[in-house]
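# Sequence plus the predicted model coming up.
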Amino acid sequence: MKFVIQRTNAAKCEVNNEITGQIEKGLCVFIGVGKGDDKKIADKMIQKLVNMRIFEDENEKINLSVQDINGGLLLISQFTLYANCRKGNRPSFTDSESPDAANSMYEYIISECKKVMKENGSIKAVETGIFGADMQISVENDGPFTVILDSNDLAIN
């Protein structure tokens, strides 16, 4: 599983000129689901995401999480994070999960992030795109500050 996490001042997703998700300060997260990714991996990725300290505190140190700032999450499915560009000029996406399984995992990630928001009352909003849709994403990067979180780099116990 891969998350591309962008710290934002604002972000929104539009499908057919209609806003499907919009946040102010927070994180825009592009989510790629790879073959074999499961809920255990998703849970670890979600915990890393909501606790990642990438916002500045009062001393301008990168010391606060999206929960600490009561920020929002905009979660966008993006199978192209699994593009394999080793051969030729057309990427292959054979490492990405099948659409049905990927959508199920994306919906799981959304529901788990909403649980964190409800339990802690610390995330302002969990907004989304539409799985498989042609989406237009607008992001006002803050920094810019972008982190790539790959489950292959995490200790999953």
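Yep, it's here.
# Which helix in this protein has the most residues?
helix 99-120 (DSSP state H).
# tell me what that one is packed against?
Judged by 3 or more Cβ pairs under 8 Å, 6 or more residues apart in numbering; DSSP states H and E, helix 99-120 is in contact with helix 39-51, strand 72-77, strand 125-128. All C-beta spots, glycine's among them, are computed from the backbone N, C-alpha and C.
# hey, what's the residue most central in space within the chain bridged with?
Geometric centre of the chain, nearest residue: Val29, 2.4 Å, by Cα atoms, centre = their mean. Beta bridges link Val29 to Ile5, Leu75, judged by DSSP bridges.
# Enumerate every residue touching it.
By Cβ atoms under 8 Å, 6 or more residues apart in numbering, Val29 lies in contact with 3-6, 49, 73-76.
# One more pass at 6 Å, please.
3, 5, 75 (Cβ atoms under 6 Å, 6 or more residues apart in numbering).
# The last one against Thr128, yeah?
Translated: Leu75. Yes - the criterion here is Cβ atoms under 6 Å, and Leu75 meets it with Thr128 at 5.0 Å.
# what is in contact with these two at once?
Joint contacts of Leu75 and Thr128 (Cβ under 6 Å, 6+ apart) are Ile110.
# for the residue located most distally from the centre of the chain, helix, strand, or coil?
Here the chain reaches farthest from its C-alpha mean at Gly88, the gap being 28.9 Å by Cα atoms, centre = their mean. Classification of Gly88 by DSSP: H, G, I helix; E, B strand; the rest coil places it in coil.
# ok, now how distant is it from Gly34?
Separation of Gly88 from Gly34 (Cβ to Cβ, to the nearest Å): 21 Å.
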